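1. predicted structure and sequence below. I'll ask about it afterward.
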Amino acid sequence: MIEAARIQSVIELVDRLGQSFSSEGASADVLLRQYFQSRRYAGSKDRRAVSRLYYQIIRHWGGLVQVCGGPDARRMMLAAIYYLLNDEKAYIESLFSGQKHGPEALSPEEQEFLEKITAEGFREVLYPDWMEKSLKARFGDELDDAMRVFNDRAPVGLRANLLKGDRAAAQQQLAENQIETIPGQWASTSLILDEQIQLRDLGVYKQGLIEVQDEAAQLAVELADIQPGQQVMDYCAGAGGKTLAAAAFMQNKGQIYALDVSKPRLGELKPRAKRAGAHVVQTLLLGHSAAKREKQLEQHRNHMDRVLLDVPCSGSGTWRRNPESKWRLTPDKLSDYCEIQKELLAEAWAFVKPGGRLVYMTCSIFMEENEQQVFDFVTSNDDVNLLNYKNFIKGDCPESLSPVEGVLQLSPHKHNCDGFFVAILEKSA
Ligand SMILES: C[S@@+](CC[C@H](N)C(=O)[O-])C[C@H]1O[C@@H](n2cnc3c(N)ncnc32)[C@H](O)[C@@H]1O
């Protein structure tokens, strides 16, 4: 594809994404995949170039929309080439010349817009205005620095599967495939890979020695201090990222129940568990009604040594990997998440046995979803004790960004992993 054709592709994608934002439609990566599925002629270099610019625009969505006076894909592209790629206006005009496969020629209004924009006219918008108060509460004076790091690309986190070998063995096998990794600083199973690489065809992946998982998620499971032989429940298991990390600590002894309301997600867990050699996983599709769940889970009440509760959340801690979710989140959606988190916390607590623990976690940086939920729960139940995460750290101890003693809040700008929250709650014996 010629350069102008790549630019036209990004314009089309940005246009679709803008529409998708207003219609609650498909995510940026789904749109990208669909786009190239119907354009098989595009080579891997074209796909990479288009994807890079598309994501660069998503990261700077707020500032571009502001300078363009709205989400107009062609104007946003003009502004992106000028402000983000630092190209000259004459070069931009040559791209928008109406040549075959490239963008149509500039209209008089677009020409005027391009002429008027100046280097000083662009204001970086790091987050939607309505988030200011919450983000300030979390990051204080470091807010802008933290948010700039959220605009960077995230490294790839890998988890060495202890059921198949240790971290050194995984690192060695990756090195034999010319893939260099470094051990993560916080989680004992973590390896960090600096760039996106296709791992699925590698023997080390197919044999189950590694899984893709951010270091923060690995640390959260490590803090649950799960032992072989225990009864464990992963209440919002999804495709089982945490379930499999937990099964590895269990050394295939005991039982882990992976629960979720999503059949497709739980369906993904089965082949993953097989590849990982995890034999202690039982999946259970939860019903939506309280009565159905009561019946399904009756025998597990007060039985679990550990309950992992990785609740649905804003995903604000993963903005490096999902930059669009920052612009899609609204105050109403955030408050819906808080509502369901509250319900799930109360519900899942019923399965913890006296002396057992529930580990509440989110990939969020908002106190509303994190400290506030835990605070409300601890103060309204008298059988809950908050344990300090520092008691369960095996390696280097990350300093928490939370003002609340004992809970862990991670953030990319301090810890080079996802923004993640962990609170360990023990049931009175
Ligand atoms: C943050 S994701 C879990 C990710 C998963 N633990 C992992 O490591 O891959 C939250 C999950 O909660 C599930 N969920 C949503 N509402 C639920 C409910 N009422 N009960 C149980 N699970 C629910 C969603 O289907 C989703 O898979």
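-> Here it is on my side, so go on. Numbers count the residues shown, from 1 in each chain.

2. residues of the chain that sit close to the ligand?
-> Contact residues (CB under 6 Å from any ligand atom) of the chain with the ligand: 236-239, 241-242, 260-262, 265, 286, 310, 312, 344. (C-beta placed from N, C-alpha, C; glycine too.)

3. okay, buried residues for stretch 14-23 please.
-> Of all the residues in stretch 14-23, those buried under the rule 16 or more other CB atoms under 10 Å are 14-18, 20.

4. now do stretch 114-121
-> 114, 117.

5. number the chain from 48, please
-> Yes, from this point I'll number from 48; that puts the last item at stretch 161-168.

6. any idea how far apart the tips of it sit?
-> 12 Å (CA to CA, to the nearest Å).

7. quick check: longest helix in this protein by residues?
-> As assigned by DSSP state H, the longest helix anywhere in the chain is helix 50-70.

8. neighbouring contacts of that one?
-> Residues from elsewhere that reach helix 50-70, judged by CB atoms under 8 Å, 6 or more residues apart in numbering: 48, 72-75, 78-79, 82, 86, 89, 93, 96-97, 100-101, 104-105, 118, 120-121, 123-124, 128, 142-144, 146, 148-150, 371, 374-375.

9. one step back: from the residues of the chain next to the ligand, which is closest to Asp199?
-> Gly288 (22.4 Å; CB to CB).

10. what sits closest to Ala73 if chain neighbours are left out?
-> Using CB to CB, 6 or more residues apart in numbering and skipping residues adjacent in sequence, the residue nearest Ala73 is Ser67, 5.5 Å away.

11. which one of the residues of the chain next to the ligand is nearest to Lys163?
-> Pro359 (43.8 Å).

12. got a list of what that closest one touches?
-> Residues near Pro359 by CB under 8 Å, 6+ apart: 283, 384, 387-388, 391.

13. tell me the SS of the residue of the stretch 98-247 of the chain found nearest the ligand?
-> Residue nearest to the ligand within the stretch 98-247 of the chain: Arg206 (11.0 Å; CB to the nearest ligand atom). Classification of Arg206 using DSSP: H, G, I helix; E, B strand; the rest coil returns strand.

14. ok, it - how many residues close by?
-> 27 (other CB atoms under 10 Å).

15. which residues touch it?
-> Per CB under 8 Å, 6+ apart, neighbours of Arg206: 234, 236-238, 257-260, 265, 292.

16. turn those residues into CSV, including neighbour count and pLDDT.
-> Formatted as CSV, these follow (neighbours: other CB atoms under 10 Å; pLDDT from 0 to 100):
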residue, neighbour count, pLDDT
Ala234, 30, 97
Thr236, 27, 97
Ser237, 26, 98
Leu238, 24, 98
Ile257, 29, 97
Glu258, 23, 97
Val259, 13, 97
Gln260, 21, 98
Gln265, 27, 98
Ala292, 28, 98
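
17. check what pLDDT the residue lying closest to Ala184 once chain neighbours are set aside gets.
-> Once flanking residues are discounted, Ala184 sits nearest to Met414: 5.8 Å by CB to CB, 6+ apart. Note on Met414: pLDDT of 98.

18. same check on Leu266?
-> 98.

19. you'd agree it is up against Trp233?
-> Yes. Between Leu266 and Trp233 there is a contact under CB atoms under 8 Å: 4.8 Å.

20. higher neighbour count, the two?
-> Between Leu266 and Trp233, counting by other CB under 10 Å, Leu266 is the more crowded of the two (30 against 22).

21. packing partners for the host helix or strand of that one?
-> Assigned by DSSP states H and E, Leu266 belongs to helix 262-270. The elements that helix 262-270 packs onto, with contact taken as 3 or more CB pairs under 8 Å, 6 or more residues apart in numbering; DSSP states H and E, are strand 203-207, strand 237-240, helix 288-296, strand 399-409, strand 455-457, strand 467-474.

22. angle of the third one against helix 262-270?
-> Which is helix 288-296. Helix 288-296 runs at 50 degrees relative to helix 262-270, counting by axes from the mean of the first three to the mean of the last three CA atoms, to 10 degrees.

23. quick check: next helix or strand after helix 288-296?
-> Assigned by DSSP H and E, the successor of helix 288-296 is strand 302-307.

24. show the average pLDDT along that next one.
-> Mean per-residue pLDDT for strand 302-307: 98.

25. name the residues that touch the next helix or strand after that strand?
-> For strand 302-307, the following helix or strand on the C-terminal side (DSSP H and E) is helix 310-323. Residues from elsewhere that reach helix 310-323, judged by CB under 8 Å, 6+ apart: 208, 210-211, 253-255, 258, 284-287, 290-291, 294-295, 305, 307, 326, 328, 330, 332.

26. if any of those are buried, put those into a PyMOL selection.
-> Typed into PyMOL, the line below selects the buried ones among those, using 16+ other CB under 10 Å:
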select buried, resi 208+210+211+255+258+284+285+286+287+290+291+294+295+305+307+328+330
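
27. test my guess that Ala293 contacts Asp281.
-> Yes. Under the criterion of CB under 8 Å, Ala293 makes contact with Asp281 at 6.6 Å.

28. strands along the protein, start to end?
-> 203-207, 228-230, 237-240, 257-259, 278-281, 302-307, 328-332, 351-357, 399-409, 431-434, 455-457, 467-474 (DSSP state E).

29. buried ones in stretch 367-385, by neighbour count?
-> For stretch 367-385, the neighbour count (16+ other CB under 10 Å) marks 367-376, 381, 384-385 as buried.

30. first-to-last residue distance for it?
-> 22 Å.

31. cool, stretch 358-366 as well?
-> Start-to-end, stretch 358-366 (CA to CA) is 17 Å.

32. do the same with stretch 138-155
-> Termini of stretch 138-155 sit 17 Å apart (CA to CA).

33. centroid-wise, who is the farthest residue in this protein?
-> Each residue of the chain has a distance to the centre, and by CA atoms, centre = their mean the biggest one is for Pro155: 41.9 Å.

34. show the contacting residues for it.
-> Pro155 touches nothing, counting by CB under 8 Å, 6+ apart.

35. what's the pLDDT at it?
-> Note on Pro155: pLDDT of 96.

36. buried residues, the least confident helix or strand in the chain by mean pLDDT. List them.
-> The helix or strand with the lowest mean pLDDT-type score in the chain, counting by mean pLDDT, DSSP states H and E, is helix 337-344 (a mean of 90). For helix 337-344, the neighbour count (16+ other CB under 10 Å) marks Leu344 as buried.

37. packing partners of that helix?
-> Helix 337-344 packs on no helix or strand, going by 3+ CB pairs under 8 Å, 6+ apart.

38. what does it contact?
-> Residues contacting helix 337-344 (CB under 8 Å, 6+ apart): 306, 331, 333-334, 394, 398.
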